[in-house]
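Asks: quick one: sequence and predicted model below, then my questions.
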Amino acid sequence: MDLLPEIAQRVSIRKYTDEPLSDQQIERIVEAGRRAPSAKNRQAWRFIVVQDPDMRKSLEAAAFGQEYIGEAPVTIALCTTNVEYKMPNGQLSYPIDLAFAASFMLLQAEHEELGACVVTTFKERDVKSLLSVPFSMRVVMLLVVGNPDESPEPPARHPFKRVVAYEHW
């Protein structure tokens with residue numbers, strides 16, 4: 001199994017058709033996130049799948065009017081259930097754990113020939129209120145998913161030798 005072609009062609013999509021996703025597609029995408037690695041396998045996350053058009057429009061407003069959030073048929077809020085846990089290296093685990101989960105979901109969406117985009121620009125307090133997220137939890141990012149209505153080219157990447165070193169900096 002060669003994932004590199006799907007990784008290389010994946011782009012952030014910001015235009016979607018109004019075609020709904022199947023329950024099976026949504027479940028496979030969320031399952032991919034559920035299977036992601038996490039610090040000490042704590043799996044300190046909750047994924048909230050939003051399909052209701054009115055709720056998606058409310059999320060769009062909470063995300064400073066980014067229209068594609070309301071247009072995509074599915075938005076998934078990636079939340080942490082443990083904002084305190086630090087790994088032995090001193091880093092908080094939840095941003096890293098949820099980045100892994102989002103990456104796995106993005107790759108599954110790509111495999112499903114769907115478009116997706118990670119959203120981190122939003123008013124967290126508003127999103128938490130809309131989705132009834134407990135006060136002590138965090139909404140770290142939103143993932144919008146749907147059938148793409150655009151075909152942008154993958155962005156340029158730095159050359160391999162510029163970003164990879166062996167044995168030392």
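Replies: That came in fine, so what should we check first? Residues are numbered from 1 along each chain as shown.

Asks: now do the helices in the chain.
Replies: Applying DSSP state H to the chain gives helices spanning 4-9, 23-34, 53-62, 67-71, 93-111, 124-131, 160-163.

Asks: let me have these in TSV, extended by distance to Arg46.
Replies: For every residue, glycine as well, the C-beta is placed using N, CA and C. Shown next, in TSV, are the helices of the chain (distance: least, C-beta to C-beta, whole Å):
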stretch	distance to Arg46
helix 4-9	26
helix 23-34	10
helix 53-62	16
helix 67-71	19
helix 93-111	10
helix 124-131	10
helix 160-163	33
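
Asks: which of those helices sits closest to Pro154?
Replies: Ranking these by proximity to Pro154 (C-beta to C-beta) places helix 4-9 first, at 5.9 Å.

Asks: the longest strand anywhere in the chain packs against which elements?
Replies: When the chain is parsed with DSSP state E, its longest strand is strand 138-146. The contact analysis (3 or more C-beta pairs under 8 Å, 6 or more residues apart in numbering; DSSP states H and E) places strand 138-146 against helix 67-71, strand 74-80, helix 93-111, strand 115-119, helix 124-131.

Asks: send me it as PDB with only the CA atoms.
Replies: Only the C-alpha atoms of strand 138-146 are listed here, as PDB (Å, rounded to 0.1, in the frame of the first residue of the first chain):
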ATOM      1  CA  ARG A 138     -11.200  22.800  24.500                       C
ATOM      2  CA  VAL A 139     -12.200  22.900  20.900                       C
ATOM      3  CA  VAL A 140      -8.900  22.800  19.200                       C
ATOM      4  CA  MET A 141      -9.900  22.800  15.500                       C
ATOM      5  CA  LEU A 142     -12.700  22.200  13.100                       C
ATOM      6  CA  LEU A 143     -12.400  19.900  10.000                       C
ATOM      7  CA  VAL A 144     -14.800  20.600   7.200                       C
ATOM      8  CA  VAL A 145     -15.400  17.800   4.700                       C
ATOM      9  CA  GLY A 146     -17.400  17.400   1.500                       C
END
